[in-house]
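K.L.:
Curious how this folds, go ahead:
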Amino acid sequence: MLVSAAVCPSPPLLVPAVAAGAAPELDAARAACADALGVLAAARPDRLVVVGPAERGTGGTEAHAQGAVGSFRGFGVAVDVALGAAGPGGVAEGPGGAAGRPRPAGSVLPVSLAVAAWLLEQVRWSAAPVAGLAVDPLLATDRCLLAGQEIAAGADRVALLVMGDASACRTLKAPGYLDERAAGFDASVAAALAAADLAALTALGVEPAAELKAAGRAPWQVLAGAAGGAGLTGALLYEDAPYGVGYLVAAWS
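P.N.:
Numbering: from 1, shown residues only. Predicted coordinates for the structure are as follows:
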């Protein structure tokens with residue numbers, strides 16, 4: 001059963017070495033992420049599952065075991081991460097059920113899960129074993145909900161760290177240029193996360209989210225599936241759009 005969740009943005013710029021001189025601009029976002037992870041630890045989960053968008057279409061979901069490695073060397077910095085501490089023999093089970101195909105602990109994390117691994121390292125996460133799930137950004141809503149339900153059924157006390165950005169179309173210089181729908185879309189997501197509104201998250205359209213380059217849509221709907229019947233309440237900890245991209249941090253408990 002899901003007992004807690006944290007929602008964080010997934011830009012590699014959260015890693016100060018990647019952001020370089022611009023690193024202070026996201027200090028508030030990093031602090032909010034740390035606060036959200038604190039809520040997860042306080043829930044005393046049996047396991048933590050990190051969910052984030054895959055970098056390319058996989059047609060489904062793909063599990064990454066505890067100890068899976070990630071790197072920011074593609075962004076010009078020698079920073080490597082691992083998803084939690086390696087389990088016995090360097091391998092741990094995936095998120096469970098049919099939600100993902102397990103991969104070896106040495107598998108390479110997508111950027112969203114690498115950012116999550118970095119965040120967990122910053123808070124010295126040790127509250128529970130960790131597993132990861134990369135989700136195709138275009139995965140149908142019903143499949144996202146099912147993946148979430150399977151994750152929640154995987155242990156008595158499950159926590160979720162949900163990675164993903166809102167729209168990337170808030171300004172003329174944004175990665176997706178300016179789209180007048182973007183601000184309203186982001187506001188609706190922020191309200192849904194603040195209220196732990198599962199129906200609102202479920203109602204997010206696959207195509208509108210894709211048009212706005214909102215990579216968080218599928219992970220948020222995995223969260224909606226996992227949270228069914230859990231009775232969690234939400235709090236929005238951070239909301240901004242630096243660089244024209246919507247970044248949201250929330251905690252559910």
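K.L.:
I would like the residues contacting stretch 203-221, please.
P.N.:
By C-beta atoms under 8 Å, 6 or more residues apart in numbering, the list of residues contacting stretch 203-221 from outside reads 7, 9-10, 51-53, 112, 135-141, 144-145, 148, 162-169, 175-176, 179, 181-182, 185-186, 189, 192-193, 201-202, 246, 248. Just so you know, the C-beta spots here come from the backbone N, C-alpha and C atoms, and that holds for glycine as well.
K.L.:
Show the average pLDDT along it.
P.N.:
In this model, stretch 203-221 carries a mean pLDDT of 98.
K.L.:
ok, and for that stretch, which residues are buried?
P.N.:
Neighbour-count burial for stretch 203-221 flags 204, 206, 209, 211-221 (criterion: 16 or more other C-beta atoms under 10 Å).
K.L.:
among those residues, which are in helices?
P.N.:
Val206, Ala209, Glu211, Arg217, Ala218, Pro219, Trp220, Gln221 (DSSP state H).
K.L.:
Roughly how far does Met163 sit from Tyr247?
P.N.:
Using C-beta to C-beta, to the nearest Å, Met163 is found at 11 Å from Tyr247.
K.L.:
pretty sure Ala6 contacts Gly164?
P.N.:
No - Ala6 is beyond contact range of Gly164, at 11.8 Å (criterion: C-beta atoms under 8 Å).
K.L.:
Looking at those two, which has the bigger crowd around it?
P.N.:
Ala6 (31 against 27; other C-beta atoms under 10 Å).
K.L.:
now, among the buried residues of stretch 203-221, which is nearest to Trp252?
P.N.:
For those, the residue nearest Trp252 by C-beta to C-beta is Trp220; the value is 11.4 Å.
K.L.:
Would you map the helices across the protein?
P.N.:
16-19, 27-42, 111-122, 141-152, 182-195, 198-202, 206-211, 217-226.
K.L.:
The fourth one: which residues count as buried?
P.N.:
Read that as helix 141-152. So for helix 141-152, counting by 16+ other C-beta under 10 Å, buried means Thr141, Arg143, Cys144, Leu145, Leu146, Ala147, Gly148, Gln149, Glu150, Ile151, Ala152.
K.L.:
Need the buried ones from the contacts of stretch 203-221 selected in PyMOL.
P.N.:
Buried subset of the contacts of stretch 203-221, written as a PyMOL selection, criterion 16+ other C-beta under 10 Å:
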select buried, resi 7+9+10+51+52+53+112+135+136+137+138+139+141+144+145+148+162+163+164+165+166+167+168+169+176+179+182+185+186+189+192+193+201+202+246+248
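K.L.:
could you dump the ones in helices among the buried residues of stretch 203-221 to CSV with distance to Gly70?
P.N.:
Formatted as CSV, these follow (distance: C-beta to C-beta, whole Å):
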residue, distance to Gly70
Val206, 26
Ala209, 24
Glu211, 28
Arg217, 22
Ala218, 19
Pro219, 16
Trp220, 21
Gln221, 23
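K.L.:
Quick check: neighbours shared by Met163 and Tyr247?
P.N.:
With C-beta under 8 Å, 6+ apart as the test, Met163 and Tyr247 both reach Pro9.
K.L.:
How many neighbouring residues does Tyr238 have?
P.N.:
21.
K.L.:
My guess is it contacts Ala29. True?
P.N.:
Yes - with contact defined as C-beta under 8 Å, Tyr238 reaches Ala29; the gap is 5.6 Å.
K.L.:
Quick check: neighbours shared by these two?
P.N.:
With C-beta under 8 Å, 6+ apart, Tyr238 and Ala29 have common neighbours Tyr247, Val249.
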